[in-house]
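> no sequence on hand, only this structure:
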């Protein structure tokens, strides 16, 4: 980690901020790559996260096992996402290998029902599993995890090994790299919108697994991650003289920042660079217009013409702008950035 900075400005002091909530913390994260590791503009960074300590401790309390207790994974029947024949602490198992916040499936509900000695609990869980509408409304819609259900149904006594079998493997989270490999071959920039809100289940706070990890990193900290090239590749058109229309829907600014930084570096190197068209939106220009200084500079240099939309700016009217005659359209696909 080189730096970890907040990109947003306080919306409370803006008298014309209306109609929606302020955005959650959005971080500008700069990472130094290890020797021998490189990337291409448009690549993703796959971050391998760990569950928060408070979430792991919560699971340990409900399962009645201390996080320091040791377990041995089976050599013969070990799930693919666990190292076979390895001694792990319960804290490592829950923190590094299992998804603890994913919604429980109907099959999970049936397993929980089978592990309860209470007739009322069994009937309740079985009905939820078999009623498609109730399941989607009460479990999937509220993102109730197996852990949430264990806390809601104290009569279910689930062994640790069964709980681990029900949880999905902890998967990497993918972030569009928002820097140009031409401009910064040894560093990558991430634009990370954090997720923190009251849990839909009504139990505590839901926080994104990887965004919580990244938000709390300090300069000098290391991140377990790897470079991934999306399939099909998502990259700026090869000819810098061919203009692009860049449409950033929702959280789609991150890769386009990289595309424009690349075009600006090509301009600095003396190449003929077309003026590109960026359609992007945010809540308010003085709250969450990300990388405003860079964007304004690149527009002044003729690299881009920006067409903004502001959802929380009172009395804002979107301008209509003609498109160039020959274009390469890049529509951003949504990632966690």
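Sure, I can see it. As the structure is a prediction and not an experimental result, all values here were calculated from the model.
> tell me the secondary structure at residue 214.
State at residue 214, reduced to three classes by DSSP: H, G, I helix; E, B strand; the rest coil: helix.
> what about it, neighbour count?
The number of residues packed near residue 214 is 24, by other Cβ atoms under 10 Å. The way it works is simple: take the backbone N, C-alpha and C, and place the C-beta from them, glycine included.
> show me the strands in the protein, by range?
All strands of the chain, identified by DSSP state E, fall at 3-6, 26-32, 44-47, 70-72, 87-89, 173-176, 187-193, 196-198, 205-207, 225-228, 244-247, 276-282, 304-310, 328-331.
> in a markdown table, list those along with mean neighbour count, distance to residue 62 and mean pLDDT.
Formatted as a markdown table, the strands of the chain follow (neighbours: other Cβ atoms under 10 Å; distance: least, Cβ to Cβ, whole Å; pLDDT from 0 to 100):
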| stretch | mean neighbour count | distance to residue 62 | mean pLDDT |
| --- | --- | --- | --- |
| strand 3-6 | 13 | 33 | 96 |
| strand 26-32 | 19 | 32 | 95 |
| strand 44-47 | 22 | 27 | 96 |
| strand 70-72 | 12 | 17 | 92 |
| strand 87-89 | 14 | 17 | 94 |
| strand 173-176 | 23 | 25 | 94 |
| strand 187-193 | 23 | 30 | 94 |
| strand 196-198 | 11 | 20 | 61 |
| strand 205-207 | 14 | 17 | 69 |
| strand 225-228 | 16 | 31 | 95 |
| strand 244-247 | 20 | 45 | 93 |
| strand 276-282 | 21 | 40 | 92 |
| strand 304-310 | 18 | 45 | 92 |
| strand 328-331 | 15 | 44 | 55 |
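> and of the ones you listed, who's closest to residue 266?
Taking Cβ to Cβ, strand 276-282 is the member of the strands of the chain nearest to residue 266, at 11.6 Å.
> identify each buried residue in stretch 287-305, please.
Using 16 or more other Cβ atoms under 10 Å as the test for burial, stretch 287-305 gives 287-291, 295, 298, 303-304.
> please apply the same query to stretch 141-148.
Here stretch 141-148 shows 142, 144-148 as buried, counting by 16+ other Cβ under 10 Å.
> appreciated, that's everything.
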